[in-house]
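# have a look; sequence and predicted model below, questions after that.
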Amino acid sequence: MIFISSGQHVMKLGYQEFTTTDNEIIVVPAGQIFSLDNVNNIHSGYVCQFHPEIMVGKHGDRELLNDFDFLKISGSPKIQVSTEDIPLITTIFKRLQKEYSDNDQANLNIVQTYLFALFYEMNKNAVKSPKSLSASEIITSKFKELIHLHIKTHHQVNHYASLLSVTPNHLNKCVKTVTGKSAVKWIDENILLEAKYLLFQTTLSINEIAAQVGHEDQSYFSRFFKKHEGVSPIQYRKMIDKS
């Protein structure tokens, strides 16, 4: 998570773009692909990274994830901190920073306790998901979570429909109604996003990247990539190198 106390930056989470400014927090859920821009415009603030397993530990419980919408892939990642809560949240960040800077090995019980306090303070300011979601919104939200978990191995709508106990046609109708995009479009975009990340961040070969995103046939993967991006994976990587 990034807390901007002064300044501004732009973050792209998947295919969504967010501008974060003074007294706002943005959270990147575990495993979500993201990029940052305008980082030089951040004057002050905090960056806090933690592993999902911190939710387990001595005082934790995985079920606590359900209390914090901003930790979910389908949740709202940006939080505007109220004026009265800024000192409290800043103090917690300072305390976490002190725990790591003053000790060779941080006390994870202390870290976990302060993180939970931070999450609950953030929760007071977070945009909550509506309590009375429609059936289509519930299915779409679960579908987006499942894509995140299975995109490297499953690309068929019927696989996700089966996991959600609905027909492929019903799933597609729900997703299209809520998001304006078909279920296939969501799957394709997530495959592309994962492939771009691997092309940008790793030195894996095109064949290895194809396998990573669930395409054993490199030529098929290359055609798929070019169809959607207008350039081949090799050309895309060369563009990255030039930039």
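Okay, I see it.
# contact partners for the most centrally placed residue in the chain?
Taking CA atoms, centre = their mean, the centroid of the chain lies closest to Q32, which sits 3.2 Å from it. The contact partners of Q32, taken as CB atoms under 8 Å, 6 or more residues apart in numbering, are L13, G14, I73, H148. (Each C-beta comes from the backbone N, C-alpha and C, glycine too.)
# from E216, how far out is the last one?
So the one you mean is H148. 22 Å (CB to CB, to the nearest Å).
# only whichever of the contacts of Q32 are buried, select them in ChimeraX.
With 16 or more other CB atoms under 10 Å as the criterion, this ChimeraX line picks the buried residues out of the contacts of Q32:
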select :13,14,73,148
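# okay, the contacts of Q32 in TSV with pLDDT, secondary structure and distance to F224 next?
TSV is the format used below for these (pLDDT from 0 to 100; DSSP: H, G, I helix; E, B strand; the rest coil; distance: CB to CB, whole Å):
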residue	pLDDT	secondary structure	distance to F224
L13	84	strand	23
G14	75	coil	18
I73	74	coil	23
H148	81	helix	20
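# all helices of the chain, in order?
86-101, 108-125, 135-150, 157-163, 168-179, 183-201, 206-212, 218-229, 233-242 (DSSP state H).
# so for V39, which of the ones you listed sits nearest?
helix 183-201 (16.6 Å; CB to CB).
# in stretch 88-95, which residues are buried?
Applying 16+ other CB under 10 Å to stretch 88-95 flags I89, T90, I92, F93 as buried.
# thought the last one was touching F3?
Yes - checked against CB atoms under 8 Å, the pair F93 and F3 is within contact range at 6.2 Å.
# could you list the low-pLDDT ranges of this protein?
30-31, 52-53, 55-66, 128-132, 242-243 (pLDDT under 70).
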